[in-house]
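> give me a 3D structure for the following:
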Amino acid sequence: MSEVKADIVVDARGKMCPYPVLETKKALKKAQSGQVIEVIANDQGAKKDIPVLVEKTGNELIKVDEKENEIRFYIKVK
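A predicted model of the protein is given here:
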């Protein structure tokens, strides 16, 4: 897949659960349909929690990049 360009970035590095999920929820509320949100986290709980949030909110997880201790989620807003 080619590089994904984010319209909104949520930087949750160094923040523990539930911060990454709460900040992602805020971004989803602000975003418009078609926009892409990039969530950057290094809390291992986010690996499970962010995909669950995306599914519950009816949005689309289009890409997940994991490098070293950092996870980047790319969410397309429906």
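
> grab the most central residue of this structure for me.
Val39 (3.4 Å; C-alpha atoms, centre = their mean).

> that's a strand at that one, yeah?
Yes - judged by DSSP: H, G, I helix; E, B strand; the rest coil, Val39 forms part of a strand.

> got a list of what it touches?
By C-beta atoms under 8 Å, 6 or more residues apart in numbering, the residues touching Val39 are 10, 12, 20, 23-24, 27, 46, 50, 72-73, 75. (Glycine included, C-beta is placed from N, CA and C.)

> report the beta-bridge partners for it.
Val10, Phe73 (DSSP bridges).

> how near is it to Lys30?
Val39 sits at a distance of 13 Å from Lys30 (criterion: C-beta to C-beta, to the nearest Å).

> how about the helices in this protein?
Under the criterion DSSP state H, the chain carries helices at the ranges 19-30, 46-57.

> between the first one and helix 46-57, how many degrees?
Helix 19-30 and helix 46-57 are oriented at 30 degrees to each other (axes from the mean of the first three to the mean of the last three C-alpha atoms, to 10 degrees).

> when you give positions from now on, start the count at 606
All set: I'll call the first residue 606, so the last point we hit is now helix 624-635.

> not counting helix 624-635 itself, show me its contacts.
So helix 624-635 is in contact with 613, 615, 617, 620, 642, 644, 646, 648, 650-651, 654-655, 658, 662, 664, 678, 680, 682, going by C-beta under 8 Å, 6+ apart.

> starting at the chain centroid, how far to it?
Offset of helix 624-635 from its chain centre (C-alpha atoms, centre = their mean, to the nearest Å): 8 Å.

> cool, the last one as well?
Between the mean C-alpha point of helix 651-662 and the mean C-alpha point of its chain there is a distance of 8 Å (C-alpha atoms, centre = their mean).

> for Asn674, which non-adjacent residue is closest in space?
Once flanking residues are discounted, Asn674 sits nearest to Asn647: 4.9 Å by C-beta to C-beta, 6 or more residues apart in numbering.

> give me the pLDDT value at the one you found.
Each residue has a pLDDT score; the one for Asn647 is 97.

> hmm, back to that, for PyMOL, what selects the buried ones among the contacts of helix 624-635?
To isolate in PyMOL the members of the contacts of helix 624-635 that are buried, counting by 16 or more other C-beta atoms under 10 Å, one can use:
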select buried, resi 613+615+617+620+642+644+646+648+651+654+655+658+664+678+680+682
